[in-house]
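[1] Sequence and predicted structure are below.
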Amino acid sequence: MFLYNLSIIALTLCHRSSAVTALNNGSVSIPSSAAISCHNEVDRVKIFEGNHIELMSLAVCLHVNGHTNHAFDMYTLIRRHFPNHSYVLINMGIVHLKQGNVEKAQELMEQYLAEVGGMYGDGEITDEEARKHGSPCRANNIHKQDCTNALNNLAAAHITSGKNSTAVAMYLLRAIEIGDEGMLGDAYANYGGHLAKMGDHNGAADSYIHGFWIFLRKNRFDAAIALLLRRAFLIPTVYSSLVETDDTRIQFRQRISDITELTKNGGKTWIEDKGDLFRLKNYNVSIQEIQGIPPLKGRLQNPSEIQSPHFYVHYNGLNDLPIQNEVSEMFALLCPPSLFEVSPHLVRNDHMTKRRKKRIGFVSSLIGGNEPHGLLVLDVIKSLKGLFEFYVVSIGSKKLTTEFHTVSDHAYEVGYDYSAARSLLMSLELDCLVFAEAMNEAIVYSLGYQRFASVQVLVMGSPVTSGIPTIDYFLSGDLLEHPFRTQLGSDHYSEQVVLFDGQAISFPQEQYHPPQDSLLAAGEAKLLSNASSLAYMKILKNQNAHIYLCFQSIFKIQPSFDYVLTDILQADPKGHVVLQASRYTMQTEKLNSRLKDVLSQRFCGRREDGCPAMQNAHSRIHFIPRVKSDEVLELMQQSDVILHPFPFGGSKTASDAINAGVPLVIFPQQYLRGRMAAVFFKYMDLHEIDPDVGSCCIAGSVSDYVSKALRLASDGEYQSRVRNAIRDRRHRIFDEKSVSYEWGKFLTRALRIRISDEELASHVGFVLEDKHFESYNAKEVEDEQERWKQSVMLSNIFGPN
């Protein structure tokens, strides 16, 4: 659904162990807890009367022990009194980057490089040490560790912002060029993350393993394990074929099994690298070295260092519960017991009696700005305010909107600081904690393993089970799940599923669009055409083309969907398929190559040199750059029909298409991630306006999907009727109060709050006697019962209903 990869960064603090000048004035208060953990550093500062090296040691000690604000005050003090010692800028930048202040972090890192003569050491130098010993950005300099740290952290800032992939590679390759092997673990980690985002997964795997061995040989087990996990979780964002999809899942599970074995027994029983975990064919390491790895149990102190969970696995649209359970069991072994602690207020058990209002927390990495997960819960908080106290915790660099600050009782932004997020959630003494997603970002995923509230909930922002034992409930909808889910032998949720009545999911019709950069939205795809995406669509429109738009993230176009696009292009000579290009050229090229192969198989048989029919069809596939969020509806309105991909669809893009008044073709799948869009059309009841229009958009098979898309694109009169019906009924799916009402029912029951349905409905603003709501639910039950009676075997009804 709304899966988007956040920052992939490894940060390196700068330390110094030599030299000079004393501090004459200025002071920073040190908390008593920090004075205990950093007592040696405090004593040395007193002895040496503020020597800037000792002050730096104290600041770094404060930093690594979690006293970030005091560390930053100390860095600022050092910078103020020793302006010609530039290396402190590196750590100041790290603080800003962890807090999500990416631009400020970049500014400080760039300032450091400027003061030491630039990344090649050939510019003007103002730093005192660099004047004495030469620029640290040269391979023979005694302080080159400072420059490699700065280059690595500057690259990390660019990775986080996503603005300049060329700069990322330039900075990291320069760091690798000048640094000694033992200095470069973090640089290889970030270079692997960069290559993975580009789509070079083999290069990324090699970089991760290179960094793993650097850290392992330095006994930095936490960092080494994190890189081994990043390598294990690495799978293609765009597959080359269906065969690669199957092979990837098999190898992924093998790698998880291999790490679990390393966790229990180390490498002593290792025989062969079945899952390609250690890249033996590409990286020069022997089986004997693997066998020397000690048991890894309990050595992963900071699981958020994996940076990005394994969320690309779930786009295959299969039952992922076995995978989720295996990953969860692996983490339970890798992490020490201290990371599975229970919030103190739950241990005391005094939270049940001291407060009148229950405290509900929401935590998410996709809740800031106009991110969809925030839009899913905004009205819930607004409607239930007064019944509960709401606490919103945003992870990452996107700032919460003014509306979130207004509707919630307390709102927090913790950036990328895992320790800060963990401490904050412990301090809030929550009764219920809601995870808007689990699979998008490592900090949120890691927090899921801890018990911050007596009730912990995962919602459909990430529409797949977590496999995490400390998450109690998964919120879904009766109409969002397969009607025979409980009859299929084994469930695909580790949590207890709560099924909301009615639509169960709703977005606001009027949405906030923060200022956005068109070039940032497009990424490298801005080079595809001189025309904007909107202008490109208008050109096709003026050519009387039938425009089939699938404007989804490129990783949602799974190989099985290629044949749908091929069928459409073959059946409609005027048909043009328009896809959203990735922000990274390599990914777009891989999908384009895959589509070309499928077209060749269809049109050219065994010929490998192509044929005119294939070339014609391929010329009618267009990739256009992403656009700003406030341009999406206008772009969609230029199409004849929106193609909703499967097996992993979504809901936000579907609601956008409906808001734009454009027909959307949907093929509901077995699992939630492929069923969410259909509920909108079911809820609009278009058949009440026009019986023929009522069957416009929800397909019952792949061939039915293609047929519906072809009719909508080529039959102008029918398309017009469908558009009119959607525009007439689209108001039904937005700002749907029944969703907040269902949330209210769940929260009050889960937290044992006595309130009548009438009182709750009145508070939310939902009319219980809503005839549309009642008649719709009754009709759906009758329809599903009829389909059940008509079915002979469960295998015949695995598709849509």
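    Structure's in. What do you need? Residues are numbered from 1 along each chain as shown.

[2] quick one: the nearest residue to Ala114 once chain neighbours are set aside and Leu234, what's the gap?
    Taking Cβ to Cβ, 6 or more residues apart in numbering as the measure, Ala114 lies nearest to Gly123, with 7.2 Å between them; neighbours along the chain are not counted. To be clear about C-beta, it is placed using only N, CA and C from the backbone, and glycine gets the same treatment. Counting by Cβ to Cβ, to the nearest Å, the gap from Gly123 to Leu234 is 37 Å.

[3] same check, this time on Gly292
    24 Å.

[4] Who has more neighbours out of these two?
    The residue with more neighbours, out of Gly292 and Leu234, is Leu234; 23 against 13, by other Cβ atoms under 10 Å.

[5] which ones are touching that one?
    Listed by Cβ atoms under 8 Å, 6 or more residues apart in numbering, the contact partners of Leu234 are 196, 201, 204-205, 208.

[6] Ala300 is in what secondary structure piece?
    Heads up, residue 300 is Leu, not Ala. In this structure, Leu300 is located outside every helix and strand according to DSSP states H and E.

[7] would you say Asp276 is within a strand?
    No: note on Asp276: no strand contains this position according to DSSP: H, G, I helix; E, B strand; the rest coil, which reports coil.

[8] What is the nearest of the contacts of Leu234 to Ile78?
    Proximity of the contacts of Leu234 to Ile78 (Cβ to Cβ) peaks at Tyr208, which lies at 34.4 Å.

[9] for that closest one, helix, strand, or coil?
    Assigned state for Tyr208: helix (three-state reduction, three-state DSSP).

[10] Is it correct that it is in contact with Tyr188?
    Yes: using Cβ atoms under 8 Å, Tyr208 is in contact with Tyr188, at 7.3 Å.

[11] okay, and the common contacts of those two?
    In the contact map built from Cβ under 8 Å, 6+ apart, the residues linked to both Tyr208 and Tyr188 are Leu227.

[12] So Ser364 is in contact with Ser394, correct?
    Yes: with the criterion set as Cβ under 8 Å, Ser364 and Ser394 qualify as a contacting pair; they are 6.7 Å apart.

[13] looking at this structure, which helix or strand is least sure?
    Taking mean pLDDT, DSSP states H and E as the measure, the helices and strands of the chain show their lowest mean at helix 771-790, namely a mean of 52.

[14] what about the longest helix in this structure?
    helix 242-265 (DSSP state H).

[15] ok, and what's touching that helix?
    Looking at helix 242-265 with Cβ under 8 Å, 6+ apart, the contacting residues turn out to be 228-229, 231-233, 235-236, 239, 269-270, 273-277, 293, 295-297, 310, 313, 316, 318, 322-323, 326-327, 329-330, 333-334, 558-560.

[16] Pull out the buried members of those.
    228-229, 231-233, 235-236, 239, 270, 273, 275-277, 293, 296-297, 310, 313, 316, 318, 323, 326-327, 330, 333-334, 558-559 (16 or more other Cβ atoms under 10 Å).

[17] Report the secondary structure element holding the residue lying closest to Val363 once chain neighbours are set aside.
    Computed as Cβ to Cβ, 6+ apart, the closest residue to Val363 that is not its neighbour in sequence is Val393, at 4.4 Å. For Val393, the host element (DSSP H and E) is strand 388-394.

[18] That strand - what's its average pLDDT?
    Regarding strand 388-394, the rounded mean pLDDT is 97.

[19] Show the subsequent helix or strand relative to that strand.
    On the C-terminal side of strand 388-394, the nearest following helix or strand under DSSP H and E is helix 402-407.

[20] Using CSV, write out every CA atom in that following helix.
    Coordinates of each C-alpha in helix 402-407 appear next as CSV, following Å, rounded to 0.1, in the frame of the first residue of the first chain:
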residue,chain,number,x,y,z
THR,A,402,-0.5,22.3,11.9
GLU,A,403,-3.7,20.3,11.9
PHE,A,404,-2.1,17.4,13.7
HIS,A,405,-0.7,19.7,16.3
THR,A,406,-4.1,21.2,16.7
VAL,A,407,-6.3,18.0,16.9
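
[21] Could you list the buried residues of that helix?
    Buried residues in helix 402-407, counted by 16+ other Cβ under 10 Å: 404, 407.

[22] And stretch 358-375, by the same measure?
    Along stretch 358-375, the positions that meet the burial threshold by neighbour count (16+ other Cβ under 10 Å) are 358-369, 371-375.

[23] Ok, stretch 235-246 next?
    By neighbour count on 16+ other Cβ under 10 Å, the buried set for stretch 235-246 is 235-239, 245.
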